[in-house]
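Participant: Fold the following, please.
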Amino acid sequence: MADDRDGRLRTEGSNDGSGPAGGGAGDPPAGAAAMGGEMLLNVGLLALALLAAYRLYLRWGTRSGPGGAARQNQAAALPRMKRRDFSLEQLREFDGTRNPRILLAVNGKVFDVTKGSKFYGPEGPYGIFAGRDASRGLATFCLDKDALRDEYDDLSDLNAVQMESVREWEMQFKDKYDYVGRLLKPGEEPSEYTDEEDTKDHTKQE
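Facilitator: Below is the predicted model of the structure:
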């Protein structure tokens, strides 16, 4: 045991490079290999990030040309939507494809995001939320179909942090877009808004 240990120590301490491959962790060749591996990993991660950015550009940036400009011009020409409430089925009609107007719901409130069609239109990065209840996706930072529900979503399984995120998103939408009405729960009757109520600021929560 002692002889083996001494032999191994002499091998590890040798600087003539003649020691066997697989020496101790302090060998310059092993250190260089580790550094090279780390560099390759960093280069690989950078390449993946650049590829992801390029794919987003191809998907969104290049599509917001004449077609995107035409949709924005069409959106700008639309009159302000009258105040009304929506069921999930009614909301889905306003996805920017079947109807040029784009609506989405956040925390039970429906907003007209047509003027943000660059983001919420069919080819926008958040287009998956057009005509849908976006609350869960925004709360969980999920942009897949997993964040969408075909039935009314009461968000009861979200934690306190996620619900706070939903409320923050709601406030942002109220500041930027027109509030149109409520997202109706199953069996809930829509409200009938008077002309006076319809002329109120759409960003004011009733």
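Participant: helices and strands of the protein: which one bottoms out on pLDDT?
Facilitator: Within the chain, no helix or strand scores below helix 2-13, which has a mean of 47 by mean pLDDT, DSSP states H and E.
Participant: Excluding sequence neighbours, find me the nearest residue to Tyr193.
Facilitator: Once flanking residues are discounted, Tyr193 sits nearest to Arg83: 4.2 Å by Cβ to Cβ, 6 or more residues apart in numbering. To be clear about C-beta, it is placed using only N, CA and C from the backbone, and glycine gets the same treatment.
Participant: Quick check: the gap between that neighbour and Glu123.
Facilitator: 29 Å (Cβ to Cβ, to the nearest Å).
Participant: Compare those two (neighbour count), which wins?
Facilitator: Comparing Arg83 with Glu123 by other Cβ atoms under 10 Å, the one with more neighbours is Arg83, at 22 against 16.
Participant: My read is that the more buried one contacts Thr194, right?
Facilitator: No: when contacts are counted by Cβ atoms under 8 Å, Arg83 is not listed as touching Thr194 (9.0 Å).
Participant: Hmm, Val180 and Arg84 touching each other?
Facilitator: Yes: counting by Cβ under 8 Å, Arg84 touches Val180, with 6.6 Å between them.
Participant: Run a quick neighbour tally on Val110.
Facilitator: A count of nearby residues for Val110, using other Cβ under 10 Å, gives 27.
Participant: pLDDT score assigned to Leu41?
Facilitator: Predicted confidence (pLDDT) for Leu41: 71.
Participant: what's the answer for Lys145, then?
Facilitator: Reported pLDDT for Lys145: 88.
Participant: Please work out how many residues are found near the nearest residue to it once chain neighbours are set aside.
Facilitator: Excluding its sequence neighbours, the residue lying closest to Lys145 (Cβ to Cβ, 6+ apart) is Ile128, at 6.9 Å. The number of residues packed near Ile128 is 20, by other Cβ under 10 Å.
Participant: Helices of the chain, start to end?
Facilitator: 2-13, 28-59, 66-77, 88-91, 117-120, 135-140, 160-176, 195-198 (DSSP state H).
Participant: how long is stretch 151-163 from one end to the other?
Facilitator: Start and end residues of stretch 151-163 are separated by 19 Å (Cα to Cα, to the nearest Å).
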